[in-house]
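A.B. asks: task: produce atomic coordinates for the following.
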Amino acid sequence: MHDVPDHAEPPRTPSGADDAVRPGPPRRPVEAVLFDFHGTLAQVEEPHEWVRHAAAACGVTLERMRATALADRLVTAGRAGGPLPARVPPRLAELWADRDLYEHAHRGAYTGLAETVDTGIEGLADALYDRLLVPDGWVVYPQVAATLRALRGGGVKVAVVSNIGFDIRPLLAAWGLADLVDAYALSYEVGRCKPDPGIFLRACGMLGVDPERALMVGDTPADAGAVNAGCAVLVLPCAEPGRDNGLGAVLDLALPR
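C.D. replies: Below you'll find the predicted structure:
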């Protein structure tokens, strides 16, 4: 490196060029995109629909008004895919802490929280959890299929990286997306949860891609933890089920023009 005197003047720019946009550093080629699942690829169904369908599985038909009232209470108590619970009872604390690391803890935590609400419907807590496990309990974001197909056509590998306590592969298969995903790094299988760099590194290892050539796409600060693994990150805005969440922006970053 050549030494630069302390009194050296900055390089002059041509007249009229002060307002010109200086080129930034070259963009790293993207060889893989890592996608969060919930809130990025799919969203849980509307709360009143969640309750109504679960009640029907228990042989109870709920009017929309009652389903909505129950849903408000159940979401406050704690719904998988919903906001954090207002309070976790001490008896559920250990299950709650381990919910994304073990299948039994995930089910036990969320059924336990649902059972804190007196719904008057026998078996509803388990039926509510079971809605998570079926494709109809979710709504895929509009641009998902087109985005994954474009990445596959461009030779970009895809992994799903999720903090979750159950297998989401059957869901993507039912939606016709399984052939567009190359690997899954699920917290309960990997033993690491986002934002731990380890789960992102595991995903990159599964794909055989250097983390510096991977883009993590999610919707929470935990997803942004991928920067500590060396990945680039795109954080999308939160969007309601069925609404455009801006996923198409991935293609502008991952595929050369």
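A.B. asks: now do L253, the pLDDT please.
C.D. replies: pLDDT, L253: 93.
A.B. asks: so that it lines up with my notes, have the first residue be 56 from now on.
C.D. replies: Yep, numbering from 56; the last one is L308 now.
A.B. asks: what comes into contact with the helix or strand hosting it?
C.D. replies: For L308, the host element (DSSP states H and E) is helix 304-309. Residues outside helix 304-309 that contact it (Cβ atoms under 8 Å, 6 or more residues apart in numbering) are 82, 85, 88, 202, 205-206, 209, 211, 270, 272, 287, 289, 291. Any C-beta I mention is one placed from the backbone N, CA and C, and that applies to glycine too.
A.B. asks: alpha carbons of that helix, in CSV - could you do that?
C.D. replies: This file holds the C-alpha atoms of helix 304-309, laid out as CSV (Å, rounded to 0.1, in the frame of the first residue of the first chain):
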residue,chain,number,x,y,z
ALA,A,304,-37.6,-8.1,-4.6
VAL,A,305,-35.5,-11.3,-4.0
LEU,A,306,-35.1,-11.7,-7.8
ASP,A,307,-33.6,-8.2,-8.2
LEU,A,308,-30.9,-9.2,-5.7
ALA,A,309,-30.3,-12.8,-6.7
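A.B. asks: list the helices and strands the longest helix seen in the chain packs on?
C.D. replies: Longest helix of the chain, by residue count under DSSP state H: helix 119-133. Secondary-structure packing of helix 119-133 (3 or more Cβ pairs under 8 Å, 6 or more residues apart in numbering; DSSP states H and E): helix 102-112, helix 158-169.
A.B. asks: how about the first one: buried residues?
C.D. replies: Judged by neighbour count using 16 or more other Cβ atoms under 10 Å, the buried positions of helix 102-112 are 102-110, 112.
A.B. asks: you'd agree R268 is up against L89?
C.D. replies: No - assessed by Cβ atoms under 8 Å, R268 is found out of contact with L89, at 11.3 Å.
A.B. asks: pick out whichever of the two has more residues nearby.
C.D. replies: L89 (30 against 18; other Cβ atoms under 10 Å).
A.B. asks: you'd agree the more buried one is in a strand?
C.D. replies: Yes - under DSSP: H, G, I helix; E, B strand; the rest coil, L89 sits within a strand.
A.B. asks: pLDDT score for it?
C.D. replies: 98.
A.B. asks: how near is it to G231?
C.D. replies: As judged by Cβ to Cβ, to the nearest Å, L89 and G231 stand 21 Å apart.
A.B. asks: sorry, back to before: make TSV from the buried residues of helix 102-112 and add distance to L129 to it.
C.D. replies: Formatted as TSV, those follow (distance: Cβ to Cβ, whole Å):
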residue	distance to L129
P102	7
H103	10
E104	12
W105	8
V106	6
R107	12
H108	13
A109	9
A110	11
A112	15
